[in-house]
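Engineer: sequence first, predicted coordinates after that:
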Amino acid sequence: MTKDKHVIEALGKAEVTIEDGKITSIGEPVVDYCSIFEKYQDNGNLTKEFIKNNINKRIWEFGMCTPKRSIKVEDVMSFGISETLRTNMKEGKIGCVVGACDGVGTLLMTDPDNVQGVGGRVSALISTTPIPEVIEKVGKHNVLNPETAELNPIKGLKMAINRGYKNIAITIIPSTIIKEIREYPVDEDVNIYILVAHTTNVTKEEAEMLFDYADVISGCASRNIRIVAEERKPYYSGKKVPLYAPTSAGRKMLDLRLKHIGKELTTRNYPQDFSKSPKPLI
């Protein structure tokens, strides 16, 4: 029997391991403070104790990394990648999202509420093992490999194309596979949208690659994402953790969400105001 083990990179890019519903290890965070969490315990200071309490809260509240995992979850914040995808799917702009879920691995999502539920409360999923109850909830036929919970966005994309979806969004963490996704051969009527999260600590070269190939990029606590943004001046929204739109398709996705929540649309105001950014930017 496969050992139940899930590894995520969470707040401050700290690596957290969860086994049998319990935290078994927490790595050192590389970011000290995040303004998004300043209203909570420790005023946004990302101590190991805060990270432990936050992850335990996710386990208790919606069953992260356990058989009790909730799939349909309300918006976590007003403006993030999963919230943007949820709105765009509701409006018919996206037919399928290729994402990753703890206990499931790579999967296809066509329900807007599932998109939010799967992606809204989990940071970067590094590895995971199958949880049959969660796989059943998302639909076994939507899972790339129910036996191993494999994480493979390229195979997920191929699966979505084979199912006949025309407007496919892929959520991914920084990787050279982004270039492969962008260059993946598809028919003229197929559109692929790449949304990148968890960019803290990327190199300048990696940041440039993301701006070359992605449609939406989260600024996270990345110094180099902000530097490349200053150089290329894409549209963006947000001051604490900006979402950047290097492409017109990305900008349309962000603006649709912003319009939905009654916020000002994307801007190109440079230089950016980093006073409310996480600290340190790395």
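Structural biologist: Noted; the coordinates are in hand.
Engineer: which strands and helices lie in contact with the helix or strand harbouring residue 57?
Structural biologist: Using DSSP states H and E, residue 57 maps to helix 48-62. Helices and strands touching helix 48-62, by 3 or more C-beta pairs under 8 Å, 6 or more residues apart in numbering; DSSP states H and E, are strand 15-19, strand 22-26. The way it works is simple: take the backbone N, C-alpha and C, and place the C-beta from them, glycine included.
Engineer: will you turn these into a markdown table that also has mean pLDDT and mean neighbour count?
Structural biologist: What follows is the helices and strands packed on helix 48-62, written out as a markdown table (pLDDT from 0 to 100; neighbours: other C-beta atoms under 10 Å):
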| stretch | mean pLDDT | mean neighbour count |
| --- | --- | --- |
| strand 15-19 | 97 | 19 |
| strand 22-26 | 97 | 13 |
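Engineer: continuing past the helix holding residue 57, what's the next helix or strand?
Structural biologist: Following helix 48-62 in sequence, per DSSP H and E, is helix 81-90.
Engineer: quick one on the thing from earlier: quick one: which of the helices and strands packed on helix 48-62 is nearest residue 82?
Structural biologist: strand 15-19 (19.2 Å; C-beta to C-beta).
Engineer: setting aside sequence neighbours, what's the nearest residue to residue 108?
Structural biologist: residue 142 (4.7 Å; C-beta to C-beta, 6 or more residues apart in numbering).
Engineer: number of nearby residues for the one you found?
Structural biologist: Using other C-beta atoms under 10 Å, residue 142 has 22 other residues around it.
Engineer: pretty sure it contacts residue 109?
Structural biologist: Yes: counting by C-beta atoms under 8 Å, residue 109 is a contact partner of residue 142 at 7.0 Å.
Engineer: and for the two, which residues touch both?
Structural biologist: Counting by C-beta atoms under 8 Å, 6 or more residues apart in numbering, residue 142 and residue 109 have no contacts in common.
Engineer: rewinding a little: ok, the residue nearest to residue 108 - contacts?
Structural biologist: The contact partners of residue 142, by C-beta under 8 Å, 6+ apart, come to 107, 108, 109, 110.
Engineer: nearest to residue 198, of the helices and strands packed on helix 48-62?
Structural biologist: Each of these has some distance to residue 198 by C-beta to C-beta; the shortest is strand 15-19, at 11.9 Å.
Engineer: need the per-residue pLDDT for residue 159.
Structural biologist: We have a pLDDT of 98 for residue 159.
Engineer: can I assume it is in contact with residue 144?
Structural biologist: Yes: contact status for residue 159 versus residue 144: in contact at 6.2 Å, counting by C-beta under 8 Å.
Engineer: follow-up on the earlier one: can I get the contacts of residue 142 in a markdown table with secondary structure?
Structural biologist: Converted to a markdown table, these look like this (DSSP: H, G, I helix; E, B strand; the rest coil):
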| residue | secondary structure |
| --- | --- |
| 107 | strand |
| 108 | strand |
| 109 | strand |
| 110 | coil |
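Engineer: what is the nearest of those residues to residue 277?
Structural biologist: residue 109 (30.5 Å).
Engineer: dig out what that closest one forms beta bridges with.
Structural biologist: residue 97 (DSSP bridges).
Engineer: in this protein, which residue is closest to the centre?
Structural biologist: residue 197 (4.5 Å; C-alpha atoms, centre = their mean).
Engineer: now the residue found closest to that residue once you drop the neighbours it is linked to in the chain: phi and psi?
Structural biologist: Here the nearest residue to residue 197 in space, its sequence neighbours aside, is residue 218; by C-beta to C-beta, 6+ apart that works out to 4.7 Å. Here is the backbone geometry of residue 218 (degrees, to the nearest 10): phi -80, psi 140.
Engineer: residue 89 and residue 109, how far apart?
Structural biologist: Distance, residue 89 to residue 109, using C-beta to C-beta, to the nearest Å: 8 Å.
Engineer: for residue 229, that is, sorry about that
Structural biologist: 29 Å.
Engineer: re the thing from before, give me the pLDDT for the residue nearest to the centre of the chain.
Structural biologist: Looking at residue 197, its pLDDT reads 94.
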